[in-house]
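Novice: Model the following, please.
(chains A and B)
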Amino acid sequence: MSSVTEAPAVLPARPRAAGWARLPLWLRRVILLAAIVGLWQAYVSWSEFGGNPLLFASPVDTTTAFWDGWRDGSLARATWETMRLLLIGVGIGAAIAALFTLFASLSQIGEDILLLLTAILNPLPGVAVLPLALLWFGLSSKAIIFAIANATIWPIAINLTTGFKTVNPTIVATGRNIGLKGVRLVTDVLAPAALPNAISGLKTAWAFGWRTVVAAELVFGVVGGEGGLGTYINNAKLYLFTAKMFAALVSIAILGVAFELLFGVLERRTIVRWGMQRS
Amino acid sequence: MPHPAAGHTAVLRAERVQLGYWAPEGFTLAVQDATFSVAPREKAIVIGPSGCGKSTLLKAVAGFIRPTAGRIQVEGRENLEPGPDRAVVFQEFDQLFPWRSVLDNVAYPLRINGWKRRDALARAREFVELTSLGRAADRYPHQLSGGMKQRVAIARALALDPAMLLMDEPFGSLDMLTRARLQQELNGIIARTHTTLLLVTHSMDEALTVGDKVVVLAGSPSTVIEVVDVREVGPPDSPRYAETRLHLRDLLGVIHEEQEELDVVGH
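Specialist: Below is the predicted model:
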């Protein structure tokens, strides 16, 4: 084979994308989603198991239950309650993680403590601490918040600490040179420099938190006052409102996608805009 | 008795400075004895072969490390901590804050040093213009070329109105053409700001183009073997320039050979 030394006068045509790949992304997604819903409906219509509405809800039933749930406020309240617990739990978790990281970045013993605690507590599934939390906080939303906070502290702390440790030394030297020291150096240089890690820690924490909050609510059903989505699913199961269970799952999925998009926006506005995203 | 080179009005006085660093093998001495001074508005270049400790010397002036012996005085002060009175331009392009725009990278250090927001922005704008970055003021560092990033670092340092500007091989990572252009620009800018300069380089041409005097550091561990006045060398094609360049080369080369001989004798 001869080696190519210069560009040919006429560039060869770009390999043509197959029909599917040429469609815009949103259209591909809509088509796939429609196909999945179609399969779902087909299963309900033609399989024996799917034909029993007590066991398996059709797309139409699910949509109706979803719509009714949001209109009468029951599903909206449950969703909001879950979100509330999640926001408080992740908020507390992130705040504690930030304190831990600050402590760890200022002293060697702080770092040792953090690494040890993370090694022990990070592998624990979020709901595993729930029985203990119930013992300490009783049958209240505090117990759930505790479980969420515990599930979120460690992924955030470990990501932040990694971020702090890998901050490029020149930028820290610049920070010190222009007169920053101590806490101000951490907040004004180390923290923004570690933002890519902070965001990825927050994403992991958010995913852990979601799993923990829904699982925790399932475990103890109605907790004084309003129940969340886990409770909603559990109640629907008790009364065999299968379509409601499906509707709650759809709510969870939609929120999951929404937050994925939100994190995407956050990344585009910050680390992508600043050329700091790590591949 | 003060060293003859250390005048009373000097901005920087280095007297018998000894510097080292901790390596895994133990303490390594990098600079054995550095004595020199820099007068106000003077452009001093520290030159030496790779690994002679010239960057270590600059870091000591910046306050990042302490001498193990001797004294470093800046405007009469000793035991220096890092501070904006000795603003540093590093060699690395990533010395800018990526999350701040060009203008903000220059304005922010002013803000934390007590400037009001509006005054800081106005002054930053002025120095961004001075370094020919006006059109890039709103860009982020990752959108700039290497030469532009170094310009931002220079603007940031000079805006702080430092007692002296410290530059650690600031153009070392640039291509030849950009380097030559930035050397000229630096001369033009400093002619307007009258900033006292301490620049570290291993390029003789950079030393001759930018400097008023060249502090030659050589040996391992190194000493200041001569301070060469290069104020009157003229343009690169003048005979005086070539002569001085030869002299510098001899200074740097001779010590190198001596060192090799010493090594042979030592074995």
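
Novice: What's the per-residue pLDDT of residue 23 here?
Specialist: No chain in the question, so chain A it is. You'll see A:L23 listed with a pLDDT of 87.

Novice: my bad, chain B
Specialist: On pLDDT, B:A23 comes in at 81.

Novice: Same check on A:A7?
Specialist: Listed pLDDT for A:A7 reads 53.

Novice: how about the residues of the stretch 51-200 of chain A near chain B?
Specialist: Residues of the stretch 51-200 of chain A lying close to chain B by C-beta under 8 Å from any C-beta of the partner chain are A:168, A:170-171, A:173-174, A:176-180, A:184, A:188-189, A:192-193, A:195. All C-beta spots, glycine's among them, are computed from the backbone N, C-alpha and C.

Novice: if you set the cut-off to 6 Å instead, what comes out?
Specialist: The stretch 51-200 of chain A has residues A:N168, A:T170, A:T174, A:R176, A:N177, A:I178, A:G179, A:P192 near chain B, with proximity defined as C-beta under 6 Å from any C-beta of the partner chain.

Novice: ok, these vs A:G89, which is closest?
Specialist: Proximity of those to A:G89 (C-beta to C-beta) peaks at A:P192, which lies at 25.3 Å.

Novice: Now for the closest residue to chain A within chain B: which residues touch it?
Specialist: Closest approach between chain B and chain A, counting by C-beta to the nearest C-beta: B:H142, at 2.6 Å. Listed by C-beta atoms under 6 Å, 6 or more residues apart in numbering or on different chains, the contact set of B:H142 reads A:G275, B:P98.

Novice: doesn't it fall inside a helix?
Specialist: Yes: looking at B:H142 with DSSP: H, G, I helix; E, B strand; the rest coil, it is inside a helix.

Novice: if I look at it, how far off is A:I271?
Specialist: Here the distance between B:H142 and A:I271 works out to 10 Å (C-beta to C-beta, to the nearest Å).

Novice: shaky segments in the chain?
Specialist: Unless you meant another one, I'm taking chain A. For chain A, the stretches with pLDDT under 70 are A:1-17, A:50, A:221-226, A:279.

Novice: I was thinking of chain B, sorry if that wasn't clear
Specialist: For chain B, residues meeting the criterion pLDDT under 70 lie at B:1-8, B:254-267.

Novice: cutoff 50 now
Specialist: B:1-7, B:256-267 (pLDDT under 50).

Novice: Next, name the residue at the spatial heart of it.
Specialist: B:L199 (2.2 Å; C-alpha atoms, centre = their mean).

Novice: Phi and psi next, for it.
Specialist: phi -120, psi 130 (degrees, to the nearest 10).

Novice: hang on, it packs against B:L165?
Specialist: No: B:L199 is not in contact with B:L165 according to C-beta atoms under 6 Å; the separation is 8.1 Å.

Novice: The residues of the stretch 51-200 of chain A next to chain B in helices, which ones?
Specialist: Using DSSP state H, the members of those that fall in helices are A:T170, A:T174, A:R176, A:N177, A:P192.

Novice: can you tell me which two in those residues are farthest apart?
Specialist: Using C-beta to C-beta, those reach their maximum pairwise distance at A:N177 and A:P192, which is 16.9 Å.

Novice: Neighbour count: those two, which is higher?
Specialist: When neighbours are counted by other C-beta atoms under 10 Å in any protein chain shown, A:N177 comes out ahead of the other of A:N177 and A:P192, with 26 against 20.

Novice: Thought B:L80 was touching the more buried one, still the case?
Specialist: No: applying C-beta under 6 Å as the test, A:N177 and B:L80 come out as separate, 11.5 Å apart.

Novice: ok, now how distant is the nearest residue to B:P141 once chain neighbours are set aside from B:A10?
Specialist: Computed as C-beta to C-beta, 6 or more residues apart in numbering or on different chains, the closest residue to B:P141 that is not its neighbour in sequence is B:L96, at 4.2 Å. Going from B:L96 to B:A10 by C-beta to C-beta gives 31 Å.

Novice: now swap in B:Q18 and tell me
Specialist: Separation of B:Q18 from B:A10 (C-beta to C-beta) stands at 20 Å.

Novice: Could you do B:S220 as well?
Specialist: Relative to B:A10, and taking C-beta to C-beta, B:S220 is found at 27 Å.

Novice: Check which element follows the one helix or strand A:A205 maps to along the chain.
Specialist: Taking DSSP states H and E as the criterion, the element that holds A:A205 is helix A:195-220. For helix A:195-220, the following helix or strand on the C-terminal side (DSSP H and E) is helix A:229-238.

Novice: Which strands or helices does that following helix pack on?
Specialist: helix A:74-106, helix A:195-220, helix A:242-267 (3 or more C-beta pairs under 6 Å, 6 or more residues apart in numbering or on different chains; DSSP states H and E).

Novice: looking at these, which is closest to B:R125?
Specialist: So among the helices and strands packed on helix A:229-238, helix A:195-220 is nearest, using C-beta to C-beta, at 26.8 Å.

Novice: Compute the number of surrounding residues for the nearest residue to B:P162 once chain neighbours are set aside.
Specialist: Excluding its sequence neighbours, the residue lying closest to B:P162 (C-beta to C-beta, 6+ apart) is B:A87, at 4.1 Å. As a burial measure, B:A87 scores 27 neighbours (other C-beta under 10 Å).

Novice: same check, this time on A:G179
Specialist: For A:G179, the number of neighbouring residues by other C-beta under 10 Å comes to 19.

Novice: ok, it touching B:R86?
Specialist: No: judged on C-beta under 6 Å, A:G179 makes no contact with B:R86 at a distance of 10.7 Å.
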